[in-house]
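Undergrad: just a sequence and a predicted model for now, questions to come.
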Amino acid sequence: MATCRICDTLYEEFISFGEMPIANGFLPPEDFDQEYYFEMKVGFCSSCSMVQLLEQPQRERMFHEDYAFFSSLSKGQTAHFKNFADSLMSEYLTGDDPFAVEIGSNDGIMLQNLASAGIRHLGVEPSENVANVAREKGINTISSFFDEKLAADIIEKHGRADTISSANVICHIPYIHSVLAGIAKLLKPRGAFIFEDPYLGDIIEKVSYDQIYDEHVFYFSATSVSNMIKQHGLELFDVEHLNVHGGSMRYFIAKKGSRKVTEDVQTVLANEERLGITLPETYETLRRNIEGSRDQLVKLLNEIKAAQGSPVIAYGATSKSTTVLNYCNIGPDLIAFISDTTPLKQNKFSPGMHIPIKASDEIEKNQPSHMLLFAWNHMQEIMNKETAYNNRGGKWVVYVPEVKVI
Ligand code: SAM
Ligand code: TMP
């Protein structure tokens, strides 16, 4: 039993993934014996419909000066945030000397567009290494965790904000009420808080259970977001489904009554009702589907290994892969190595299962017949890049939305 972080109701887990390490905790062999684990259990609050981790590691274990996720390494994401910045500038940052805040600005992938347009901006980014990359690009960045206290400091130094945006961050923050209270104060009267995160509707429909890992404490839907923000005098005025990170939702929020609520909000809420997002049975079905996906993937990897006489190679040492590898108990016997373009991950080992991470030029040296696609959310970008592998008949093993070879 745990207490809901949103509404204080007691709730129970619907699935345990067992002992999990830090998803982005790629490590050298000398650190294997001190690796941190926690039991990763997920529950559903039947009162406010929030899906959440029962327990989350301390934030400093996940976000620090060696944080391994650099947003700008993906060309697709760079284009995605350029489009978003353009829409902020054309729709919300139009007044006199507008001010934009971003929570979890990472290496400046979004703010670089506002900075180059001369818009007053501030990035809040606690992981010092990625924040430094942003500063080198001329982006104003402070290395702090956003909360109510920090919002008050920002108001004092910079004034209130026209926009507060955040991508793939709000779902990371367990002390969400402090964050929302800060946002409610920091926004100008007609200001907009716009955030996007992986969407629970996609996780249920695609059985993309690898979105569940330590950093993601919440799995949002429009229903649970509406319930959560109400307590702070805020309301959802628009929603936009996005095809990034395997299916995300962008939520547009403002002070209650300050902006017209679009019809799309009602449509998405009604779709969620139909999908059963408010019903405990939905999560029982999800658990059974996750178990089925795990069993099929392990079976398939064993069959490929038996047929080709060697383990497969995996593509993309994603944070998501940590859940798959540890939950399915897939180790170096089934995956020879994981190829990844992030220098900080290369020559280290995957969290928990300790599979080596290598640079992508190792793929051609090994001439694999099958690769397991962990970075499935970047599939289009990867298919465009890996034409040599595809042209010589290389196959991809995927597991979302179903386990298969393509
Ligand atoms: N916004 C980028 C994107 O979408 O690519 C980065 C997303 S990354 C998965 C999450 C980021 O949130 C990390 O850079 C992390 O340091 C930052 N973060 C975590 N907790 C935070 C908090 N309380 N306040 C501000 N940033 C936070
Ligand atoms: P993400 O799913 O959290 O965005 O992480 C993607 C990971 O995949 C990141 O470590 C970089 C890696 N990657 C590659 O190795 N090659 C690629 O072409 C792409 C797009 C990502």
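TA: Nice, I can see it. Numbers count the residues shown, from 1 in each chain. Ligands and ions are numbered 1, 2, ... in the order given.
Undergrad: distance-wise, check residue 271 relative to residue 249.
TA: 11 Å (Cβ to Cβ, to the nearest Å). (Each C-beta comes from the backbone N, C-alpha and C, glycine too.)
Undergrad: list residues touching both of the two?
TA: Residues touching both residue 271 and residue 249 by Cβ atoms under 8 Å, 6 or more residues apart in numbering: residue 201.
Undergrad: who has more neighbours, those two?
TA: Neighbours were counted for residue 271 and for residue 249 using other Cβ atoms under 10 Å; residue 249 has more, 21 against 14.
Undergrad: who are the neighbours in contact with the more buried one?
TA: Contacts of residue 249 (Cβ under 8 Å, 6+ apart): 196, 197, 199, 201, 220, 221, 222, 239, 240, 241, 242, 268.
Undergrad: where are the low-confidence patches of this protein?
TA: Along the chain, no part satisfies pLDDT under 70.
Undergrad: near ligand 2, which residues of it are found?
TA: 73-74, 316-319, 340-342, 345, 375, 377-378, 381-382, 385 (Cβ under 6 Å from any ligand atom).
Undergrad: between those, which sits nearest residue 17?
TA: residue 319 (13.7 Å; Cβ to Cβ).
Undergrad: in contact with that closest one: list those residues for me.
TA: Going by Cβ under 8 Å, 6+ apart, residue 319 touches 23, 24, 69, 213, 215.
Undergrad: and ligand 1, which of these contact it?
TA: residue 69.
Undergrad: turn the contacts of residue 319 into a markdown table, columns for neighbour count and secondary structure.
TA: Formatted as a markdown table, the contacts of residue 319 follow (neighbours: other Cβ atoms under 10 Å; DSSP: H, G, I helix; E, B strand; the rest coil):
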| residue | neighbour count | secondary structure |
| --- | --- | --- |
| 23 | 27 | coil |
| 24 | 23 | coil |
| 69 | 19 | coil |
| 213 | 26 | coil |
| 215 | 20 | coil |
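Undergrad: the contacts of residue 319 into TSV, with extra columns for distance to residue 146?
TA: Formatted as TSV, the contacts of residue 319 follow (distance: Cβ to Cβ, whole Å):
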residue	distance to residue 146
23	21
24	19
69	17
213	21
215	15
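Undergrad: farthest-separated two in the contacts of residue 319?
TA: The distance between the two most remote of the contacts of residue 319 (Cβ to Cβ) is 11.7 Å, for 69 and 213.
Undergrad: burial of residue 381, as a residue count?
TA: Neighbour tally, residue 381, other Cβ under 10 Å: 15.
Undergrad: no wait, residue 317
TA: Residue 317: 30 neighbours (other Cβ under 10 Å).
Undergrad: do you know how far the residue lying closest to it once chain neighbours are set aside is from residue 326?
TA: Excluding its sequence neighbours, the residue lying closest to residue 317 (Cβ to Cβ, 6 or more residues apart in numbering) is residue 340, at 4.0 Å. When distance is defined by Cβ to Cβ, residue 340 is 17 Å away from residue 326.
Undergrad: more neighbours, these two?
TA: Per other Cβ under 10 Å, whichever of residue 340 and residue 326 has more neighbours is residue 340, with 26 against 23.
Undergrad: so the more buried one touches residue 346, yeah?
TA: Yes - using Cβ atoms under 8 Å, residue 340 is in contact with residue 346, at 6.4 Å.
Undergrad: joint contacts of those two?
TA: Contacts common to residue 340 and residue 346, judged by Cβ under 8 Å, 6+ apart, are 357, 358, 359.
Undergrad: out of the residues you listed, who's near ligand 1?
TA: Within the shared contacts of residue 340 and residue 346, nothing lies near ligand 1 by Cβ under 6 Å from any ligand atom.
Undergrad: can you list those residues in TSV and add neighbour count, secondary structure and distance to residue 11?
TA: Output for those, formatted as TSV (neighbours: other Cβ atoms under 10 Å; DSSP: H, G, I helix; E, B strand; the rest coil; distance: Cβ to Cβ, whole Å):
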residue	neighbour count	secondary structure	distance to residue 11
357	21	strand	36
358	21	strand	42
359	14	coil	44
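Undergrad: residue 46 is in contact with residue 10, isn't it?
TA: No - using Cβ under 8 Å, residue 46 makes no contact with residue 10, being 10.0 Å away.
Undergrad: of those two, give the one with the bigger neighbour count.
TA: residue 46 (16 against 12).
Undergrad: excluding its backbone neighbours, what's nearest that one?
TA: Excluding the flanking residues, the one nearest residue 46 by Cβ to Cβ, 6+ apart is residue 280, at 5.7 Å.
Undergrad: can you give me the first-to-last residue distance of stretch 160-180?
TA: One end of stretch 160-180 sits 15 Å from the other (Cα to Cα, to the nearest Å).
Undergrad: check which residues of that stretch are buried.
TA: Applying a neighbour-count criterion of 16 or more other Cβ atoms under 10 Å, one finds 160-173, 176-180 buried in stretch 160-180.
Undergrad: before we move on, what about stretch 199-206?
TA: 199, 200, 201, 202, 203, 204, 206.
Undergrad: and those, which two are furthest apart?
TA: Using Cβ to Cβ, those span at most 11.0 Å, a distance reached by 200 and 206.
Undergrad: near the closest residue to ligand 2 within the stretch 151-300 of the chain, how many other residues are there?
TA: Relative to ligand 2, the nearest point of the stretch 151-300 of the chain is residue 245 (6.8 Å; Cβ to the nearest ligand atom). The local packing of residue 245 (other Cβ under 10 Å) involves 20 other residues.
Undergrad: ditto for residue 296
TA: 15.
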